[in-house]
Every structure is written in C-alpha cells, then in structure tokens.
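Build me a structure from this.
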Amino acid sequence: MTTSPPRDQQTTGDLPPLLPGPRRLLKHPRLMHYNRLAALVLLANTAFAWVSWPVAAPTLGHAALANLALAVVVRQQYVINFLFRLATSAPTSWPLRVRWTLGKVYHFGGLHVGGALAGTAWFLASTITASDGPARTVGWTLITLLALVIATALPPFRSRRHDHFEKIHRFGGWTALALFWTHTLLSSPGPWQVGVLAVVTFSVALPWLRLRKVDVHLERPSSHVVLARFDHGETPFAGSSTAISRSPLKEWHSFANVPAPGESGFRLTISRAGDWTGAFIDDLPEQVWVKGITTAGVANIEVLFTKVVYVATGSGIGPCLPHLLAAQVPSRLVWATRDPRATYGDALVDEILAVQPDARIWDTSRHGKPDMVRLAHEACRDFGAEAVICISNKKLTWQVVHGLERRGIPAYGAIWDS
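Numbering: from 1, shown residues only. Predicted coordinates:
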C-alpha cells in the first residue's frame, strides 16, 4: 500500500498521446454511447415516419405504444441483468475494440430516453389527428403529464431537485400508465395492444411485488460512513446493487452490494452525500425497505478484460470492493480518500489490503488531491491492464473516463442517468 506520493510526489511518465481527431471526437462526452442510443431510436422513428408518410391514424398509436413500451421495459431489473449477461459473455480473445464497445452496455438508458421522447411525439401526433370524444380528452391529459415527466427528467432540474424528479417520475409514470390503459380501452384496441400494455404493467409492478422490510445491522466507523450488513436470505452477486428506503413511496437509494466470499448476506457502504444519507448515518434505523432484485452495475463489465484497474475516491470503494474480494479478474486498486483508517475503520482497510497488497491508497488529508488521470494511467501501464473502471463523483468520473478514452485506453464509469 502507498499512502504518500511516491516517485516525485505524483506520478512518473507522460500520458499517451491523444487519438487522431476523428477517433478522439467520438470519445467526447456529448457523443457517449448513451446519447448515441437515444439518437439511434429517434433516427429509426424518423426513418419509419418518412417511409410511412402519410402515417395512418392506427399506425400513430401503434408506434407510440411500441416506443413507450421500450422506454419502460428496458429499465426493468431482469432485462438489465439480461443485457449485462449478454454483453459480458464475449471472450477476452475477441478484439479489444469490440470488447471496449460491449463494455458500454450500461448506457442502455439511452434506449429509455429515446423511446420516451419518440413515444411522446407519436402519441402527440395521434392525439392531434384524433376525432373529438373521451379518448381525445384522455389523450391531451396524458400528453400534458408526459411533458411534465420529460421536463423534470432533464439534467438541470434532475440534478438540483432529484427528490422531486424521483417522485414525479414514479407517480407520474404510474398515472400515465393508467391513462394509457384508459385511452387504449376507449379506442377499441386489438389483442396485441392489450398484450403489450399488460407486459408493460407487469414490468412496472414486478419490483413492488417483492417489496419487504428487512433487518439491518449497522456499524458507524466515523460520522462520514455507515457499514450496513444484511442477511435476510439473499446473497447477491458481486457487482450488483440494492435499492433501500425508509419510506418506500418517497425515495429510494441504490448502493453497491459487497458480498464476502463464502459468507451469506452482504454489506452496503453508505457515506454522507446528502440529506437522506446524512439522516441515515445520524439516526441509524433497525429496519429498511428493499424491493425488486439485485441489479447489475457498471463494474460487471470487468470480465470482458484480462486485467483491470479500479479507480475510486472516497466511498467509491464500496462498488469496487466486491470485485476485489471475488478476484474473478486480476485487478489493481487506486483509491484516493481522506484518512482511510479514521474514516472507514481499520477492519475495512485491512480487508482491502489483504486482497490488494499493492493497492495505491492516496490519503488526501495528508497529500491533497492527486491527478487521478495520471494515477490511473500509471497503474494501467505498470499492471498491464486493458481497461480502467472509475467509481467517483460525477466530475471526477468524467475526467478519468474521458481523459483516458481520448488517449486510447478503455475506461468506464457511472453516467447518472436516473
């Protein structure tokens, strides 16, 4: 373990040169795979409208239903796990460029955005062309609600009012689904329309059918962190996450599961990062709500590579820890955090060092903030890793991911799409 700046206080060696202009352009954040998928859905719908013009009234409704079904189903937990399993089934013998792209599977939220926007547009066209009657009234009500849901999901609102976004998205989505059923039944639907709506409804309801209140055992090594231990008959796979809540109709927060090899149950690392987590740490509950199933997270893409480097700051160590413990893929850890032992406890730090004796742990309280792009590159170069997985705050994650990718190094990190 390195807890102080080695080799001239920072890192040694220059960063690799930037990729040629066209390839580097494709690594720009605005052209990330999330946005590409959203654009692909919108372009496909535009092409369909072009070849079908003028679009018949029934086709407008069918297109709206198909796109809105895509928007809902692609966010279903079983579907997410299936997409991850499919993408990560590629062997490491495949060309790196192919595996690099497959690793972007967690950008699937772009399909959700594209489907929601296209579906709303088709439904607006269908409502405008519909004759007067109860269905048209329901249609305009649904359009108004969908516009509200979309507007509050835009980054400026979502980042500043995330709790409000979550409530509007949940209750607005449920209301929109009920209105869609009403509109469909008023419009003399065919069997396939009812079938698609039934699948969408089941998809929405399924996580809530598994809603339950479970015991939690909490350890608070410092005022910044709580280690939550669960053992209610489920041992999740490494790299999955669990959503917990103290009030299930208000807000949910997802945390990375940390199962220990050979032990039942799992842990969550919860750090102070807002009102909800602060209240959780200050007022430790004996029970919390969980729902749905454990869901694959970004770091599951590690199996696509022969070696990986994990880059974490602060409590970002939580999502990395299960992979470090499982050791399914050879890895090297770079962790920058404030006074690790005082903040997270000796037991956790010793557990990390037991599986990562060569970890580079940078104490920011002693040495300030490091250049994480250079640290990541140095670890990647020295370890011979094929990819870097970064778990940090939004700003630093973008710095590391795009700082490395535009230099030809596959890098991955959360995209905060929900």
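
any idea how far L19 is from A151?
With distances taken as Cβ to Cβ, to the nearest Å, L19 is found 37 Å from A151. Any C-beta I mention is one placed from the backbone N, CA and C, and that applies to glycine too.

more neighbours, the two?
Each of L19 and A151 has its neighbours counted (other Cβ atoms under 10 Å); L19 has more, 16 against 11.

For that one, what are phi and psi?
Dihedral pair for L19: phi -70, psi 160, per degrees, to the nearest 10.

Could you do the one 4 residues further on as well?
Dihedral angles of R23 (phi, psi; degrees, to the nearest 10) stand at phi -70, psi -40.

next one: H224
phi -100, psi -20.

thought it was touching R272?
Yes - counting by Cβ atoms under 8 Å, R272 is a contact partner of H224 at 5.1 Å.

which neighbours do the two share?
Taking Cβ atoms under 8 Å, 6 or more residues apart in numbering as the criterion, H224 and R272 both touch I281.

quick one: low-confidence parts of this protein?
Applying pLDDT under 70 to the chain picks out residues 1-13, 417-418.

Kindly tell me how buried L68 is, as a neighbour count.
24.

which ones are touching it?
115-116, 119-120, 123, 180, 200.

again, only using 7 Å
Contacts for L68 (Cβ atoms under 7 Å, 6 or more residues apart in numbering) come out as 115-116, 119.

how about a markdown table for these, with secondary structure, neighbour count and distance to W276 added?
Below are those laid out as a markdown table (DSSP: H, G, I helix; E, B strand; the rest coil; neighbours: other Cβ atoms under 10 Å; distance: Cβ to Cβ, whole Å):
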| residue | secondary structure | neighbour count | distance to W276 |
| --- | --- | --- | --- |
| G115 | helix | 25 | 29 |
| A116 | helix | 22 | 26 |
| G119 | helix | 24 | 31 |
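
Adding distance to L42, write the residues you listed out as JSON lines.
Shown next, in JSON lines, are the contacts of L68 (distance: Cβ to Cβ, whole Å):
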{"residue": "G115", "distance to L42": "9"}
{"residue": "A116", "distance to L42": "11"}
{"residue": "G119", "distance to L42": "11"}
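
Phi and psi next, for R406.
phi -70, psi 0.

now swap in I409 and tell me
phi -110, psi 120.

what's the offset of the lengthiest helix in the chain from the middle of its chain?
For the chain, the longest helix by residue count, based on DSSP state H, is helix 162-186. Mean C-alpha position of helix 162-186 versus that of the full chain (Cα atoms, centre = their mean, to the nearest Å) differs by 22 Å.

Render the CA-only coordinates of the following helix or strand past that helix in CSV, please.
Next in sequence after helix 162-186, counting helices and strands by DSSP states H and E, comes helix 191-209. Output of helix 191-209 as CSV, limited to C-alpha atoms (Å, rounded to 0.1, in the frame of the first residue of the first chain):
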residue,chain,number,x,y,z
PRO,A,191,-55.3,-8.1,-28.8
TRP,A,192,-51.6,-7.2,-29.3
GLN,A,193,-52.1,-3.7,-27.9
VAL,A,194,-53.7,-5.1,-24.7
GLY,A,195,-50.9,-7.7,-24.6
VAL,A,196,-48.1,-5.1,-24.8
LEU,A,197,-49.8,-2.9,-22.1
ALA,A,198,-50.1,-6.0,-19.9
VAL,A,199,-46.4,-6.7,-20.3
VAL,A,200,-45.5,-3.0,-19.5
THR,A,201,-47.8,-3.1,-16.4
PHE,A,202,-46.3,-6.3,-15.1
SER,A,203,-42.8,-4.9,-15.7
VAL,A,204,-43.6,-1.8,-13.6
ALA,A,205,-45.3,-3.8,-10.9
LEU,A,206,-42.8,-6.7,-10.6
PRO,A,207,-40.3,-4.9,-8.3
TRP,A,208,-43.1,-3.8,-6.0
LEU,A,209,-44.4,-7.3,-5.7
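
Alright, that wraps it up for me.
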